[in-house]
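Chemist: Fold the following for me, if possible:
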Amino acid sequence: MTPSRGPEASSHALIWAASLLILTHQLTAAALAGFFVHGLITRTAANLPPRLVKRERARPVALAVALLGSLAGVILLGRWIYHFASDINLTQVLPQMAEVIDRLRLNLPAFVLVYLPTSPETLKLALASALKTHGEALSRHGLESVAGSVHLIWGMVIGAILSQIRFATPASYRPLAAALLQRMERLATAFGKVVFAQVRISLVNTLLTATYLLLILPLAGVHLPLAKTLVLLTFCAGLLPVLGNLISNVVIVVISLGVSPEVAAASLAFLVLVHKLEYFLNARIIGHSISASIWEMLLAMIVMESLFGLSGLVAAPVLYAYLKRELLAAGLVGEVVSPQDPTDA
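Modeler: Numbers count the residues shown, from 1 in each chain. A predicted model of the protein is given here:
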């Protein structure tokens, strides 16, 4: 290995080793949050009017704007949760579930019926027994959620700190540092492309969900509580690749169950269809933004999900976008333009 290639190969090894560590230690959300905060602040700083904000003060001002925006978002989220909890009567859910079970009992074989509760009271007892039996596991998951939240905050803090640092050009650093800086710049660029593509995907999902909640259901004589709020939730949660769609789907189905089992079944069928469509939207829209075919993105998402679960599925677009960018920069992939044959002229 030549001296000039050593630092570059080492930087690639370090980047992919760090990616593997993040995927296998539940740090995906923290890493994505850090990249998001860094990209948000740097883009905001770049778009501030030079007449109002001097260049050297642009990033601190952008950081202050991001902090104020985050605070306002937390306040609005708290008000929404309060409004949501006060308007939804979740006590209707258990009776509706019991009604669904009663209908299932008419069509299921006898060996299955022994596992189904016979009344809302037995359903409550079964849920209480399950909570008691799996209390330790729930406590463990609760602690993991707290740890994940701490990691998420640390990731955002690190991203904010890095956004205030002005790095020189890679040529100003020693070989390994220069190679690592180049890797990180390409990774940040790939992340930015994926995020903007995800916004378009979220808009499409929100449009489809709004059509169902605000048009199809009312035409069928069904008025779902907080339908407009659910549309807003679909857009905000949809900014998270795949996972956000699952969150909004669960909320919509639970609220639909409070109306009737039929509405819940229709909502579930519709949202499953939209969820499957999101795989192709991710592959098509994100693939176009990073010069990748739809089959490449689908293959990357399937492989990453099988290897690392939900974390791999969420990280797949970003990591594949980065990989494709590195391969294109190295001239290892892409079409080769052959010189024109003089006889064709």
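Chemist: quick one: low-confidence parts of the stretch 101-250 of the chain?
Modeler: Low-confidence segments of the stretch 101-250 of the chain (pLDDT under 70): 101-148, 241-243.
Chemist: Which parts of it are strands?
Modeler: Ranges of strands in the stretch 101-250 of the chain, per DSSP state E, counting those that start in this stretch: none exist.
Chemist: need the helices for it, in chain order.
Modeler: 110-113, 120-133, 135-163, 175-211, 217-219, 227-238, 243-259 (DSSP state H, counting those that start in this stretch).
Chemist: Make CSV from those helices and add distance to residue 312 and mean neighbour count to it.
Modeler: In short, each C-beta sits where N, CA and C put it, glycine included. As requested, these are exported to CSV (distance: least, C-beta to C-beta, whole Å; neighbours: other C-beta atoms under 10 Å):
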stretch, distance to residue 312, mean neighbour count
helix 110-113, 34, 9
helix 120-133, 29, 12
helix 135-163, 16, 14
helix 175-211, 15, 18
helix 217-219, 35, 13
helix 227-238, 19, 19
helix 243-259, 12, 19
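Chemist: Report the contact partners of residue 304.
Modeler: 312, 313, 315, 316, 319 (C-beta atoms under 8 Å, 6 or more residues apart in numbering).
Chemist: 7 Å instead, please
Modeler: Residue 304 is in contact with 312, 313, 315, 316, counting by C-beta atoms under 7 Å, 6 or more residues apart in numbering.
Chemist: Where neighbours are concerned, which of these has the most?
Modeler: Of all the contacts of residue 304, the highest neighbour tally under other C-beta atoms under 10 Å goes to residue 316, namely 26 neighbours.
Chemist: Check the gap between that residue and residue 251 for me.
Modeler: 25 Å (C-beta to C-beta, to the nearest Å).
Chemist: do residue 276 as well
Modeler: Applying C-beta to C-beta to residue 276 and residue 251 gives a distance of 19 Å.
Chemist: Kindly report the same for residue 171.
Modeler: Residue 171 is 51 Å from residue 251, by C-beta to C-beta.
Chemist: Please save the CA atoms from stretch 186-196 in CSV.
Modeler: Extracted in CSV, the C-alpha atoms of stretch 186-196 (Å, rounded to 0.1, in the frame of the first residue of the first chain):
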residue,chain,number,x,y,z
ARG,A,186,-19.5,13.5,1.8
LEU,A,187,-21.6,11.7,4.5
ALA,A,188,-23.2,15.0,5.5
THR,A,189,-24.0,15.8,1.9
ALA,A,190,-25.6,12.4,1.4
PHE,A,191,-27.6,12.9,4.6
GLY,A,192,-28.8,16.3,3.3
LYS,A,193,-30.0,14.8,0.1
VAL,A,194,-31.9,12.0,1.9
VAL,A,195,-33.5,14.5,4.3
PHE,A,196,-34.8,16.7,1.5
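Chemist: Can you name the residues in contact with it?
Modeler: Here stretch 186-196 makes contact (C-beta under 7 Å, 6+ apart) with 35-36, 38-39, 286, 289-290, 317-318, 321-322, 325-326.
Chemist: picking up where we left off before, what's the closest of the helices of the stretch 101-250 of the chain to residue 294?
Modeler: Across the helices of the stretch 101-250 of the chain, residue 294 has its closest neighbour in helix 175-211 (12.9 Å, C-beta to C-beta).
Chemist: to the chain's geometric centre, what's the distance from the closest one?
Modeler: 11 Å (C-alpha atoms, centre = their mean, to the nearest Å).
Chemist: got the contact list for the nearest residue to residue 66 once chain neighbours are set aside?
Modeler: Take residue 66 and drop its neighbours on the chain: the residue closest to it by C-beta to C-beta, 6 or more residues apart in numbering is residue 41, 5.4 Å away. Contacts for residue 41 (C-beta under 7 Å, 6+ apart) come out as 59, 62, 63, 66, 160, 163.
Chemist: Lovely, talk soon.
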